[in-house]
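**Student:** Next comes the sequence, and after it the predicted model I'd like to discuss.
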2 protein chains.
Amino acid sequence: MTSTQADVESYLSKRTQFINDERSLRRDHANLPTLSSAEKDADLVVREIRAAEVKSVWNDQNDMIPHMFPGMEFLTAKDVITKTKVFRILAKMPKGALLHAHLDAMVNASTLLRLAMQHDCFHVRSPASLTLQNMKSTLPQFKVFPPNQFSDLTSLTETGYPPDEWVPMSKARENFDPGLGGPQGFDDWVLGALTINPAEAYGTHKTTEKIWAKFTSTFLVATNLIRFYPIWYPYIKEFFLSSVEDGISYIEARINFLYKFMTGVDGEENIPHREWLLEFDRAIRDVKAELKEQGREDEFIGARIIYTTIRFMTPEELEWYLEDCIALKQEFPHLIAGFDLVGHEDSLKPLIYYIEPLIRFQKRVKQLGLDIPFIFHAGETLGDGTDADMNLYDAILLGTKRIGHGFSLAKHPKLMEICKKEGIAIEICPISNEILRLTTSMPMHPLPIILNQGIPVALCSDDPAVFGNMGLSFDFFQVLMGSEITGLLTLGQMARDSLEHSTLKGSEKSQAIALWEKRWLKFCEYVAHQGTLAN
Amino acid sequence: MTSTQADVESYLSKRTQFINDERSLRRDHANLPTLSSAEKDADLVVREIRAAEVKSVWNDQNDMIPHMFPGMEFLTAKDVITKTKVFRILAKMPKGALLHAHLDAMVNASTLLRLAMQHDCFHVRSPASLTLQNMKSTLPQFKVFPPNQFSDLTSLTETGYPPDEWVPMSKARENFDPGLGGPQGFDDWVLGALTINPAEAYGTHKTTEKIWAKFTSTFLVATNLIRFYPIWYPYIKEFFLSSVEDGISYIEARINFLYKFMTGVDGEENIPHREWLLEFDRAIRDVKAELKEQGREDEFIGARIIYTTIRFMTPEELEWYLEDCIALKQEFPHLIAGFDLVGHEDSLKPLIYYIEPLIRFQKRVKQLGLDIPFIFHAGETLGDGTDADMNLYDAILLGTKRIGHGFSLAKHPKLMEICKKEGIAIEICPISNEILRLTTSMPMHPLPIILNQGIPVALCSDDPAVFGNMGLSFDFFQVLMGSEITGLLTLGQMARDSLEHSTLKGSEKSQAIALWEKRWLKFCEYVAHQGTLAN
């Protein structure tokens, strides 16, 4: 061996050690010594299929989609994604817990519209008679009318439509101008108002400010459909069942309790929050019973609620909600998982604005012997040193159990250290971040920074009814395509971490994890077998 | 004081400490206790002007530019930027050293064309007669002809033009079809081939793969203009003088030595590398003399060369360049500052491919008692775990003095630790990264991550002739607009760090820094005075 050869060999061995020192910080590295052969094989199979599809599918040479690459814009890529082998595999993966999910955007928009259609009492209005010109920029507004007070109007599209007057939804749909697409045109109009389309995200609304305006408007439309007592229960059931189909076994849903009442069958806003929870509980029980009948009881552990309201009120107004949260926790200790403040961090109030009521709440909760951790949204921003970015300091100082989004956390070395040390998991919402223009594509997303620091991560869908990323498979897919280091085992670790960092406790949690591990192993065997078939 | 008030006060004091603990990692925080009042005032003045212009200029309500925000796409924003107060202030700032600059893209494209026009011997050709249809996608190619062998052809645009035949440039320009813009059309065609325009960066070429194809093509066109002996000297002089006008006082230019000879006046490729250096040295001397005559000798310390070649050759081929670099260092010890390998990291060879010759070089340099540090490009990529990302491990293991780009460094906690501890500065090229599509805008750029870790940073322009970011003012501007934490003092610290982490040594370095400090203080006084005027 020449002296240079010896130098090179010594360099290579140092290099391997050097890389390994850094990789060993990652949570998916801790399991390496104890992996089953099925897990190792499954990881390799997925890496091979991914590498093949990077060349055959995501190659920037597509005539229909001009700029294709792995982890590209979700809304442009969605139809291609669903046809890939990688996606078909991930669709079968047990995902663990869904920890960041706003209830108002958890059921496919067309399913929600179908649910609403079943109720004659829904009326709809618009600020002007709808035309081809104004339709895209005009939002529908919905309202339930008491049985004996239905409107006589029959159309939103005839020229004589009196602005802002209510029309029974069924009539409005039936008589929707054929020139605007007839009943299908009505559906498209409503669905367009409930979702973000690629032309908006990547064209007309491509700044965070503009896309948030559109995003917020979808909730204004959806809320009046969902906050109707007869819809609430089937809506939640549909959410649970579709989640289970995607491999999600446990859910902590953020419910917006801003409105103090939902509308009852009598058309009055008179259904208080405790009734919302009773129905939520009933949906859990019924879904469990249905699954049990099918011998699938292991696929759904249950669901809980993170109480949320919106960060635009005064600290005084917030007090009511904090008290309400405590009262609900006292009545439904098994349902209330935590408390959060939501809404656009860049434009609404920072956590520090509410510091007095929040500190008082924390003390009172402790005095009452309750367990209502903060699970704060923080750092969902591109800002560096802005109020939204500074929310991270307050979330952590206030002892947040997890961080919702934490997009700007990567900028904070000390905060990352604390998250790692104290096991504060980050609820990362890849597709949400991309559509809301915090990142342009997955390769630009800071997730690898967080993973390389060894901070626990749970992947989440945030508002899939608006973004079209129903379930968790799409988010898992985008993350897998955006990094060479990330593999199936990384996704598995994030699924495991989602249960580990849920608010489940004791034997409930260990059982949930054990059930997941069982399904995970079976899944890995299935994937490994796909590799055998290919060879 | 009620008990909640006391809790809040204790919280707020903990919070201040908490934030300060993290901020104190930053290099711009170390100076806080010793700031002059002019520095403090200047920082405040710039923060105020920025805040005002964020509202008045960068407000997303512009009719001409649909999506405006601070730190937005440079090529779209450039004309707006030059009109802002913030830019006019930064244009006067002493920038310190320019440490990452590829010589072949350092002079404004139209100035380069004007330099070339002075030489009748330049010929130009294209693969087909130029038309409105093919002009944008057809590159000009240039070549110097010996005095007595000029071509008889007179036009590139007439239908009978024989493909790939040479036409004297002056004739080609003079006779450029008026339908294609006449002589101005010729200039536009050449300038379009030497630069990246917004339609390309943000439309037709908006993936890293596509934009690199365009980017690489600009060098193919430029090289044959610049590597002509009579142009080389005035080109370098123009580079130095325009840099000095922008407040740059010292330069380490990366020169691509791939071609072993440049073309002489006789049209033969026969001017060896040592002649290139002699002319480079002459340009330094002459610029210094000119400035001295104007009493401005303090504004230019000098310039050195980072020897580079391209990472597509075999390790065997690299040996010649490494030997050449050593020979040049032996003859011009004051000029050769280091060695680097350049080119598109995502598609070309990784450092590890050249490990044998690189290790051998390092040993030989040591034996010869020379000082030729590696100053490697590494991590100029969106990849996570790809070869280009892995270059960071090798650059650091090979003892790189600084890191060129280091865009993916933010993903590497251990490597960041080493950079901080060992003072490995990162040459960050904000506008280059944005135009080459590693980031979509400044708020998405990882620079704040690097700054918050306390790693030294030098801001650099990379290839301003291609990107249009001549000097350093534009890069400083974009960085300032992309973060609330970053202020004028942060920019000052980066300027100071550029000198601190240059290859200057001993008294040469301390003098350079002292001269910069003197100009910096004067500049801060000027800026502080602007604030006084406004009040």
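**Tutor:** Ah, there it is.
**Student:** Up against chain B, what does the stretch 251-400 of chain A have?
**Tutor:** A:352, A:355-356, A:359-360, A:363, A:382-386, A:389-390, A:393-394, A:397 (Cβ under 8 Å from any Cβ of the partner chain). Every C-beta, even on glycine, is put in place using the N, C-alpha and C of the backbone.
**Student:** Can you say which helix or strand has residue A:196 in it?
**Tutor:** Assessed by DSSP states H and E, residue A:196 sits outside every helix and strand.
**Student:** Please enumerate the strands of chain A.
**Tutor:** Listed in chain order, the strands of chain A (DSSP state E) span residues A:96-102, A:122-125, A:141-144, A:167-168, A:248-256, A:261-263, A:269-272, A:302-310, A:336-342, A:376-378, A:402-405, A:425-428, A:457-459.
**Student:** Filter the residues of the stretch 251-400 of chain A next to chain B down to the buried ones.
**Tutor:** Among those, those scoring as buried are A:352, A:355-356, A:359-360, A:382-386, A:389-390, A:393-394, A:397 (criterion: 16 or more other Cβ atoms under 10 Å in any protein chain shown).
**Student:** right, and residue A:175 touches residue A:168 too?
**Tutor:** No - contact criterion Cβ atoms under 8 Å: residue A:175 and residue A:168 do not qualify, at 10.1 Å.
**Student:** ok, back up a step: nearest to residue A:279, of the buried ones among the residues of the stretch 251-400 of chain A next to chain B?
**Tutor:** Here the nearest of these to residue A:279, counting by Cβ to Cβ, is residue A:360; it sits at 30.5 Å.
**Student:** related to what we said a few turns ago, would you check which pair of the residues of the stretch 251-400 of chain A next to chain B lies furthest apart?
**Tutor:** A:363 and A:382 (34.7 Å).
**Student:** Quick one: work out the angle between the top helix by length along chain A and strand A:96-102.
**Tutor:** If you go by DSSP state H, chain A has its longest helix at helix A:506-534. With axes from the mean of the first three to the mean of the last three Cα atoms, to 10 degrees defining the directions, helix A:506-534 sits at 110 degrees from strand A:96-102.
**Student:** Mind giving me the packing neighbours of helix A:506-534?
**Tutor:** Helices and strands touching helix A:506-534, by 3 or more Cβ pairs under 8 Å, 6 or more residues apart in numbering or on different chains; DSSP states H and E, are helix A:37-56, strand A:248-256, helix A:488-500.
**Student:** and residue A:514, how many residues sit next to it?
**Tutor:** Neighbourhood size, residue A:514 [other Cβ atoms under 10 Å in any protein chain shown]: 12.
**Student:** any idea how far residue A:298 is from it?
**Tutor:** 10 Å (Cβ to Cβ, to the nearest Å).
**Student:** for residue A:389, same thing?
**Tutor:** To residue A:298, residue A:389 is 41 Å away according to Cβ to Cβ.
**Student:** Quick one: distance of the longest helix of chain A to the chain centre.
**Tutor:** From the chain centre to the centre of helix A:506-534 is a distance of 23 Å (Cα atoms, centre = their mean, to the nearest Å).
**Student:** What residues sit buried inside that helix?
**Tutor:** Neighbour-count burial for helix A:506-534 flags A:509, A:512-513, A:515-516, A:519-521, A:523-524, A:527-528, A:530 (criterion: 16+ other Cβ under 10 Å).
**Student:** got the angle for that helix vs helix A:37-56?
**Tutor:** Using the same axes, to 10 degrees: helix A:506-534 against helix A:37-56 is 60 degrees.
**Student:** what angle sits between helix A:506-534 and strand A:302-310?
**Tutor:** Here helix A:506-534 runs at an angle of 110 degrees relative to strand A:302-310 (the same axes, to 10 degrees).
**Student:** What angle do helix A:488-500 and helix A:506-534 make with each other?
**Tutor:** Inter-element angle recorded for helix A:506-534 and helix A:488-500: 160 degrees (by the same axes, to 10 degrees).
**Student:** Looking at helix A:506-534 now, give me its mean pLDDT.
**Tutor:** Mean per-residue pLDDT for helix A:506-534: 93.
**Student:** Count the neighbours of residue A:212 for me.
**Tutor:** Neighbours of residue A:212 under the rule other Cβ under 10 Å: 18.
**Student:** got the residues of the stretch 401-535 of chain A near chain B?
**Tutor:** Applying Cβ under 8 Å from any Cβ, one finds that the stretch 401-535 of chain A approaches chain B through A:410-415, A:438-440, A:443-444, A:446, A:448-449, A:452-453, A:482-486.
**Student:** try it again with 6 Å
**Tutor:** A:410-411, A:413-414, A:440, A:443, A:448-449, A:452-453, A:483-485 (Cβ under 6 Å from any Cβ of the partner chain).
**Student:** Show me which of the residues you listed is closest to residue B:39.
**Tutor:** residue A:411 (24.5 Å).
**Student:** Tell me if I'm right that the closest one and residue B:452 touch.
**Tutor:** Yes - counting by Cβ atoms under 6 Å, residue A:411 touches residue B:452, with 5.4 Å between them.
**Student:** These two: who's more crowded?
**Tutor:** Set side by side, residue A:411 and residue B:452 show more neighbours around residue A:411, with 28 against 22, by other Cβ under 10 Å.
**Student:** Which residue is the nearest non-sequential neighbour of the residue of the stretch 151-300 of chain A found nearest chain B?
**Tutor:** Residue of the stretch 151-300 of chain A nearest chain B, by Cβ to the nearest Cβ: residue A:207 (4.9 Å). Closest residue to residue A:207 apart from its sequence neighbours, by Cβ to Cβ, 6 or more residues apart in numbering or on different chains: residue B:67 at 4.9 Å.
**Student:** before we move on, back to that, what is the neighbour count of the residue of the stretch 151-300 of chain A closest to chain B?
**Tutor:** Using other Cβ under 10 Å, residue A:207 is surrounded by 16 other residues.
**Student:** All set now, cheers.
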